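Enquirer: Pasting the sequence and the predicted model now:
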Amino acid sequence: MAFLSWITLAGLAGAAGFALVAYRRLRALEALCDQAAADIDSQFRARHALLPDLFNAVRAFTQDERDTFDFVLKARAAALRATTPQAQILAETTLGEGVRRLLIIAESSPILQNSREFDAFCRRIAHAESELAAARRRLNLAVKDYNLVLRQFPTGLLAGRLHLARRSFYDVGVELSPVDEPVALKA
């Protein structure tokens, strides 16, 4: 009888140990997803900080593009007001389209094309967009790993008990660089 007690106790200890390891892995993956999402927010703030310089540079040389300026300003305001991840994705995607459109307009100005300041700005905005794309990829990889663990047995059972839900990927569709073809804007 004592032998069966030891086996039962060892089985319970093993199950508890597995549950603890699975719990820690789930929480670590959850924290990784949260950190990757925070990195995207940080990259959005960096891009938003560059926009006033773009507005001032382009506005000084192209006064006739008021519709595009208004579009970008509205998109930026919507991005700053977004409260849900889906709304933020939509607003930031729209803002990115507007920024690309402004850059295309600016590139048509011979004065801006020869400006060192504008060239430096274009490099900064391209770097910011590149960092943002990298942050999106990191988030999607973290979400993929997290969702995979949620589907595995027996970790999925523990995740269900903890009320952990699958996370959505950060999908903005096809990403364009600032030098790609202009995107048709909807005002």
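Expert: Nice, I can see it.

Enquirer: Could you tell me which residues within the helix or strand hosting Arg138 count as buried?
Expert: Arg138 belongs to helix 116-151 when assigned by DSSP states H and E. By neighbour count on 16 or more other C-beta atoms under 10 Å, the buried set for helix 116-151 is 118, 121-122, 124-125, 128-129, 131-132, 135-136, 138-140, 142-143, 146-147, 149-150. Quick note: C-beta positions are derived from backbone N, CA and C, even for glycine.

Enquirer: helices and strands around it, which ones?
Expert: helix 2-61, helix 85-107, helix 155-161 (3 or more C-beta pairs under 8 Å, 6 or more residues apart in numbering; DSSP states H and E).

Enquirer: Apply 6 Å and report the result again.
Expert: helix 2-61, helix 155-161 (3 or more C-beta pairs under 6 Å, 6 or more residues apart in numbering; DSSP states H and E).

Enquirer: Surely Arg167 touches Val143?
Expert: Yes - between Arg167 and Val143 there is a contact under C-beta atoms under 6 Å: 4.7 Å.

Enquirer: quick one: common contacting residues for these two?
Expert: Cys33 (C-beta atoms under 6 Å, 6 or more residues apart in numbering).

Enquirer: What residues sit buried inside the helix or strand of the chain with the lowest mean pLDDT?
Expert: Least confident helix or strand of the chain, by mean pLDDT, DSSP states H and E, is helix 110-113 with a mean of 76. For helix 110-113, the neighbour count (16+ other C-beta under 10 Å) marks Leu112 as buried.
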